[in-house]
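I would like to see how this sequence folds:
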Amino acid sequence: MLSAEGTATADEYQAAKLENAAKYGELKAVQTGGQMARSLNNTLGNIEAVRAAAHADPNSPTGAAILDDQEGIGTEQRLTTVNSILAQANQDKSDAAYYKSAADHALFAGEISAAAGIAKGIAGLGH
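Numbering: from 1, shown residues only. Sure, this is the predicted structure:
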């Protein structure tokens, strides 16, 4: 039974570590998304400033196409990065659930083993 409790404790510890990693991953995703959105806004602002300094027509279809292209690239990069971080956080959650389940199974197996040992001992007394 002590072995089962030790295994269960180790599994519960691992589950707690993974739950914390998932929480930090979710926070990192939010922070990264915010930082990348600010960076994209700065890039778009710089493009507009350079075009204005060059006296380019602000209503030019070419200028709009350049801004749209840069915005699309930046948005795609942000979504890819954030989704990757969130996927890892979700994997950490799944792994934590597995370790919690393993802890429960270890305790149950320990109880069964202890009960079988007691039954075997009682059966041995009758001989």
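
pLDDT value on residue 120, please?
Note on residue 120: pLDDT of 64.

how close does the residue nearest the centre of the chain get to residue 25?
Nearest residue to the geometric centre of the chain (C-alpha atoms, centre = their mean): residue 89, 0.8 Å. According to C-beta to C-beta, to the nearest Å, residue 89 and residue 25 sit 3 Å apart. Bear in mind the C-beta positions are built from the backbone N, C-alpha and C, glycine included.

ok, back up a step: in terms of helices and strands, where is the residue nearest to the centre of the chain?
Assessed by DSSP states H and E, residue 89 sits inside helix 61-125.

pLDDT of the host helix or strand of residue 10, averaged?
In the assignment (DSSP H and E), residue 10 maps to helix 2-53. In this model, helix 2-53 has an average pLDDT of 92.

do the same with stretch 87-107
In this model, stretch 87-107 has a mean pLDDT of 89.
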